[in-house]
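Participant: model this:
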Amino acid sequence: MFVATLVASGSMGQGDIAEAADRLNEAGCQSEGSEWLDAGKAADLFFAAEPVAARSALTGLGQGIDVIVQPVAIREKELLIADMDSTMITVECIDELADYAGIKPQIAEITERAMRGELGFEGALRERVALLKGLDADAIDRCRIERVRIMPGAKALVRTMKARGARTLLVSGGFTRFTGPVAGEIGFDAHVANVLDIADGALAGTVATPIVDAARKRTELEAAIASGIDRARTLAVGDGANDIPMIEGAGLGVAYHAKPKTRAAAAAEIVHGDLSALLYAQGIGSAQWVTE
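Facilitator: Residues are numbered from 1 along each chain as shown. Coordinates of the predicted model:
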């Protein structure tokens, strides 16, 4: 049995559910009923077969509605592995840090190209960090406090999954000076990121090795699976090209407001809503969310 979870960024009605059921039936997926997770906000539609056809059939369903399709039996996950920048937080930290050096447009252009998969991640990271050489190290904490904001739904997602026994890991191509506080605020069990080199109270223009890149993100996923977590019960979420390997390796890989290459690689995507959609995808309605 499979389930298609519909999540509205605003609201939806019974007519949207009926249209989804019709589309499933027309695609040969044998719709077998529906139920609300939260009335007007999120609903499950159950069907018997053809999940690939179901994803295609439900694409573009309603204005502002995201759809996630997966097997019912493994929908609740035991591991969340997540990107940070533009996924768990609303900004790209290195771009905001560059603003304190007066070179944000220059660095943001490189970031955008790297996240779209047009540049190699390690080379782009080293190039951007080199441009920050000499910036007062105090700017890192100022940037975090003044610019970094938690993505809507992030705290509920992480804290609810932890409360239900899941492991949560923040894996970022960014920097530990950001991931540590962010992981603590949201509630992640652990975090992995790059280390900025500091010399005489200023950025040295280099980053410690080995680099946390796309391969390292996938390695962290595989290590969690090797520790005894069923791959089918893993959830990976990110937005950039460097998230693709972990998204492809997870039981449910989700592209979150993502770049085109990442969207193409993911089994599911969130285009309209926030991270709470990933709780609905696991069959968890808002009455069961943990936010404190």
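Participant: list the contacts for Pro245?
Facilitator: 214-215, 217-218 (C-beta atoms under 8 Å, 6 or more residues apart in numbering). Every residue, glycine included, has its C-beta placed from N, CA and C.
Participant: let's see that with 10 Å instead.
Facilitator: Applying C-beta atoms under 10 Å, 6 or more residues apart in numbering to Pro245 gives the contacts 213-219, 221-222, 236, 238, 253, 265.
Participant: so Ile68: helix, strand or coil?
Facilitator: strand (DSSP: H, G, I helix; E, B strand; the rest coil).
Participant: if we can go back for a sec, make JSON lines out of the contacts of Pro245 and add neighbour count, secondary structure and pLDDT.
Facilitator: Listed next are these as JSON lines, based on neighbours: other C-beta atoms under 10 Å; DSSP: H, G, I helix; E, B strand; the rest coil; pLDDT from 0 to 100:
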{"residue": "Asp213", "neighbour count": "17", "secondary structure": "coil", "pLDDT": "97"}
{"residue": "Ala214", "neighbour count": "22", "secondary structure": "helix", "pLDDT": "97"}
{"residue": "Ala215", "neighbour count": "15", "secondary structure": "helix", "pLDDT": "97"}
{"residue": "Arg216", "neighbour count": "20", "secondary structure": "helix", "pLDDT": "97"}
{"residue": "Lys217", "neighbour count": "27", "secondary structure": "helix", "pLDDT": "98"}
{"residue": "Arg218", "neighbour count": "22", "secondary structure": "helix", "pLDDT": "98"}
{"residue": "Thr219", "neighbour count": "17", "secondary structure": "helix", "pLDDT": "98"}
{"residue": "Leu221", "neighbour count": "25", "secondary structure": "helix", "pLDDT": "98"}
{"residue": "Glu222", "neighbour count": "15", "secondary structure": "helix", "pLDDT": "98"}
{"residue": "Ala236", "neighbour count": "31", "secondary structure": "strand", "pLDDT": "98"}
{"residue": "Gly238", "neighbour count": "33", "secondary structure": "strand", "pLDDT": "98"}
{"residue": "Gly253", "neighbour count": "25", "secondary structure": "strand", "pLDDT": "98"}
{"residue": "Ala265", "neighbour count": "19", "secondary structure": "helix", "pLDDT": "96"}
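Participant: would you turn these into JSON lines with distance to Gly64?
Facilitator: Formatted as JSON lines, the contacts of Pro245 follow (distance: C-beta to C-beta, whole Å):
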{"residue": "Asp213", "distance to Gly64": "34"}
{"residue": "Ala214", "distance to Gly64": "31"}
{"residue": "Ala215", "distance to Gly64": "36"}
{"residue": "Arg216", "distance to Gly64": "35"}
{"residue": "Lys217", "distance to Gly64": "30"}
{"residue": "Arg218", "distance to Gly64": "32"}
{"residue": "Thr219", "distance to Gly64": "36"}
{"residue": "Leu221", "distance to Gly64": "31"}
{"residue": "Glu222", "distance to Gly64": "35"}
{"residue": "Ala236", "distance to Gly64": "24"}
{"residue": "Gly238", "distance to Gly64": "22"}
{"residue": "Gly253", "distance to Gly64": "22"}
{"residue": "Ala265", "distance to Gly64": "24"}
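Participant: which of the residues you listed sits closest to Trp289?
Facilitator: Ala236 (20.7 Å; C-beta to C-beta).
Participant: was I right to think the closest one contacts Glu222?
Facilitator: No - with contact defined as C-beta atoms under 10 Å, Ala236 does not reach Glu222; the gap is 11.4 Å.
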